[in-house]
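Q: Any chance you can model this:
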Amino acid sequence: MILVKFKTKILMKKLFILALASLFAFASCSKESNETPEVKDENTVNLTFTSKRPQLKSESKTAWDGNTIVWSEGDKIRVGYTLNGNWRGQSSEGTAKFYASDPVSIIDETNKNVGTFNVPISSSAFTDPKISGQYQFFSIYPSNILTSTTVNNPEAQSITLPATQHIVSGTFDSSADVMLGQSSSLSLSGLPTEPISLTWTRLVAHADLTFSNIAFEGSEIVSKITLTFNEEAKVAGSFSVNFVDGTAGAGSENVLTLSSDEGIASSSSSFKAWACVLPVTFTSLDVEIKTDKATYTRSISGISKTFKQNSRNTLTINMSTATRTAAAQYEWVEKDLSEITSSDVFVIVGNNGGTYAMSNENGTSSDPSAVHVTVSDNKLSAAPSESIQWTLSKDGSNYTFYPYGSTTTWLYCNTTAESGSNKNMRVGTGNRKAFVLDNNNYLVTNDTYTARYISVYNGEDWRGYVSKTNTVSFYVKTSPDTRADAELSFTETSFNVNVGDDFTAPTLTNPHNLTVTYSSSNEDLAVVDENTGVVLIDDNAGTVTITASFAGNDTYKAGSASYTITITDPSSTSKTYTITWNSTNNSGAVTSYTDSWSVTADGLKCNMQNWNNNNNVWNYVKAGRKNNASVATIITDSAIPEAIKTVKITIDALTSDKINSIKLYTSSDKNSWIEAGSFAKATGEQSVTISPEAINKYYKLEFDCASGTSNGLVTLSKLIFTTE
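A: I've put the predicted structure just below:
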């Protein structure tokens, strides 16, 4: 049932408008006879619908509440009406437009199948809202299901039920749940001022599908189901609907595809899926189920099964005799955009409080939808559907993104203005199709107009923003490395010795008897025989790493194992390590506030995380990000053999209210850290005194930064570790 209320509003007095229009017309004729004066509407109309979604004729399931399909946020309907049997809404009789509502604004929390819709309509849509006669009102759900929103023949309007539907475990694609609403014939003096009722007819059948006795090998994730019915059985595609009596003609497609972007996980021998189909009787069925590991196929003939309209129709498909074809195994691994070639297939993922991939499906009608995906260990956890896969072409640093399988349409930003609010993204043949990735992994348009940063909007769709909103990552389809691990390890991994002592290397565990090469990280401290692994300790204090490496072959992956030796000079009374930053000391030239690199000075290596050295131009480093909280760290790569008493830092500049804390930590194993003190949040030299001092400790400096209005919240030019 739908309750409908119409409101009309007189904006100007008719006499005033007529006089004003005549005056403009006279002035126009005196200047140029072919000019037409502007005519403004006298009325505005707003339609409000309180809609009860119809029940099924039999038991319902999952996303359905009891026996009722519930409304969801974002649902829209489309409405039109007749007067004295003629469709109204345009200037010529016999035609009318179906008007789209706004998304459902209110869902009754105690009865969620009841929702409220608003339909804004310009008064120019009506020939005369005050005409008395017989009115009848019609509605269609979902709003975008009509092939044409202008009705010329209400008895043969064209509608398309999607032959490809998107599902998740335990629910159906609600955008394919086609329903027709209709009122009784009402004798009214103009458009109604009181609520009226419409009743719904569901044009589709709900198919509750169970696939049983599948020979899954362990846990498999179902990503795509294709059902091919006999040629006469049209279950989807374009079909005609009669708005007067609610009947529907046959569809144009006998193939139905159910696609799941997140996958339907199943470790048992069966799983369920749901679909919306046209009412049909079929006599044969071909089934294809794709998982992350295999494709299962089965052909079934000699059957007679009917899917009834507006009912939940169950169908169990026994896959015990299905043919299993193992799939080529791929991983979807995160890579830099610069590494991706035109032959690669990839997924574009943004983070906006969740992990969302960009759909390639919506075309020019709406923004690309945001599809939730799961990432683990820099990989997608499930094989993605083709609806979120992309390819690219490259022109210098400019990238054009194409939907998988197409080079005739592409991603573009739907604006030609230099200024304005956030703009739409589209997939089609529009301009503004060139994108670049900046140093902080923001995807941005690259043209003469205002840059638009491509970001996820509320986990719903992707849009172009004037300001940076969230970063993106790219996950590329990659053949996994199926070789066995080298499995190298040492019986011990950490040693403390004095300078000049004899040293016996630990035993290397090498179960596959692989050929390894030994190396020393610092031959001024220890020299190792590359073939035997025998180590000689030199007369210098410090920490050195000895590594055994295997290069890899057709059977085993490359691998390595290492251990550290901390060498102490007992005669040494004091020691100071001074770290400064310049192109000689720095391991990498970075321009980002999210990179990892290292600095080495006075024989001490420190690992940097979330620090910027401006391409090695600065003799200092900066940390702290615009619009993002961050933690920047400096960690000694090896344990310092001396007992450090004082750690000093020189701060050249800082935004003190954006620095939460600057702390020092120590550790014996680089895993368990103990707080040793806090540095003052001020410019100049700041220090922390360590008590008690101890030898062979790792040190970590942690700069905890709040979100800033600009990058570079703290500037650091010197770091000192000293025994004094």
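Q: From here on, just use CA atoms for contacts and neighbour counts.
A: Fine.
Q: Surely residue 428 touches residue 410?
A: Yes - using Cα atoms under 8 Å, residue 428 makes contact with residue 410 at a distance of 5.3 Å.
Q: With neighbour numbers in mind, choose between those two.
A: Higher neighbour count among residue 428 and residue 410: residue 410, with 24 against 20, using other Cα atoms under 10 Å.
Q: so what's that one up against?
A: 400-403, 427-429, 433 (Cα atoms under 8 Å, 6 or more residues apart in numbering).
Q: Now with 10 Å, please.
A: 360, 363, 390-392, 400-404, 426-431, 433-434 (Cα atoms under 10 Å, 6 or more residues apart in numbering).
Q: Can you check which residues contact both of residue 428 and residue 410?
A: With Cα under 10 Å, 6+ apart, residue 428 and residue 410 have common neighbours 360, 363, 402-403.
Q: What is the longest strand of the chain by residue count?
A: If you go by DSSP state E, the chain has its longest strand at strand 255-266.
Q: can you give me how far the next helix or strand along the chain from that one is from the chain middle?
A: Where DSSP states H and E defines the elements, the next helix or strand beyond strand 255-266 is strand 271-277. On the basis of Cα atoms, centre = their mean, to the nearest Å, the separation between the geometric centre of strand 271-277 and that of its chain is 25 Å.
Q: Which elements pack onto strand 271-277?
A: strand 164-166, strand 205-212, strand 255-266, strand 312-318 (3 or more Cα pairs under 10 Å, 6 or more residues apart in numbering; DSSP states H and E).
Q: Listing partners with orientation, what would you give for the first one?
A: Strand 164-166 pairs in its sheet with strand 255-266 (parallel), by DSSP bridges.
Q: Please name the strands paired to whichever strand or helix holds residue 665 in the sheet, noting orientation.
A: Per DSSP H and E, residue 665 falls inside strand 659-667. Strand pairing for strand 659-667, determined by DSSP bridges: strand 674-678 (antiparallel), strand 698-705 (antiparallel).
Q: just checking, next helix/strand downstream of the last one?
A: Just to be clear, that refers to strand 698-705. On the C-terminal side of strand 698-705, the nearest following helix or strand under DSSP H and E is strand 714-722.
Q: what angle do that next one and strand 698-705 make?
A: Orientation check (axes from the mean of the first three to the mean of the last three Cα atoms, to 10 degrees): strand 714-722 against strand 698-705 gives 160 degrees.
Q: CA atoms only: put strand 714-722 into CSV for me.
A: Output of strand 714-722 as CSV, limited to C-alpha atoms (Å, rounded to 0.1, in the frame of the first residue of the first chain):
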residue,chain,number,x,y,z
VAL,A,714,58.2,18.9,13.3
THR,A,715,61.7,19.6,11.9
LEU,A,716,64.7,17.5,13.2
SER,A,717,68.3,18.2,12.3
LYS,A,718,70.4,16.2,14.7
LEU,A,719,70.3,13.0,16.8
ILE,A,720,73.0,12.0,19.3
PHE,A,721,73.5,8.8,21.4
THR,A,722,76.3,9.2,24.0
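Q: Which residue ranges of the stretch 1-150 of the chain form strands?
A: In the stretch 1-150 of the chain, the strands defined using DSSP state E, counting those that start in this stretch lie at 2-10, 43-52, 64-65, 68-69, 78-83, 86-87, 96-97, 99-100, 106-107, 114-122, 132-141, 150-151.
Q: Quick one: closest of the ones you listed to residue 552.
A: Of all the strands of the stretch 1-150 of the chain, strand 64-65 sits nearest to residue 552, with 54.6 Å by Cα to Cα.
Q: Quick one: mean pLDDT for the closest one?
A: Averaging pLDDT along strand 64-65 yields 64.
Q: Make sure residue 175 is indeed in a helix.
A: Yes - counting by DSSP: H, G, I helix; E, B strand; the rest coil, residue 175 is part of a helix.
Q: ok, it - contacts?
A: By Cα under 10 Å, 6+ apart, residue 175 lies in contact with 75-76, 141-145, 161-162, 165-166, 276.
Q: one more time with 8 Å, if that's ok
A: Residue 175 is in contact with residue 142, counting by Cα under 8 Å, 6+ apart.
Q: which residues pair with residue 68 across the strands?
A: Bridge pairing for residue 68 - DSSP bridges - gives residue 55, residue 65.
Q: any idea how far it lies from residue 606?
A: Remark: distance between residue 68 and residue 606 (Cα to Cα, to the nearest Å) = 63 Å.
Q: do residue 479 as well
A: Taken as Cα to Cα, the span from residue 479 to residue 606 is 35 Å.
Q: what does residue 275 give?
A: Using Cα to Cα, residue 275 is found at 58 Å from residue 606.
Q: before we move on, what about residue 210?
A: Applying Cα to Cα, the value for residue 210 to residue 606 is 58 Å.
Q: For residue 584, give its distance to residue 576.
A: 20 Å.
Q: The two - which one has more neighbours?
A: Neighbour count, other Cα under 10 Å: between residue 584 and residue 576, residue 576 has more, with 15 against 12.
Q: Which residue, other than its chain neighbours, is closest to the more buried one?
A: residue 722 (4.2 Å; Cα to Cα, 6 or more residues apart in numbering).
Q: Can you tell me which of the contacts of residue 410 are buried?
A: 360, 363, 390-392, 400-404, 426-428, 433-434 (16 or more other Cα atoms under 10 Å).
Q: Among those residues, find the lowest-pLDDT one for me.
A: The lowest pLDDT within the buried ones among the contacts of residue 410 belongs to residue 363, with 85.
Q: what's that one in contact with, if anything?
A: Counting by Cα under 8 Å, 6+ apart, residue 363 has contacts 426-428.
Q: How about residues contacting stretch 488-499?
A: With contact meaning Cα under 8 Å, 6+ apart, stretch 488-499 is reached by 503, 506-511, 537-541, 559-570.
Q: thought residue 631 was touching residue 702?
A: Yes - Residue 631 lies in contact with residue 702 (Cα under 8 Å); the separation is 6.8 Å.
Q: quick one on the thing from earlier: between residue 275 and residue 606, which one's more packed in?
A: residue 275 (24 against 20).
Q: Spit out the contact partners of residue 76.
A: 100-104, 117, 141-143.
Q: What about the residues you listed, which one has the most neighbours?
A: Result: residue 117 is most packed of the contacts of residue 76 (other Cα under 10 Å), 25 neighbours.
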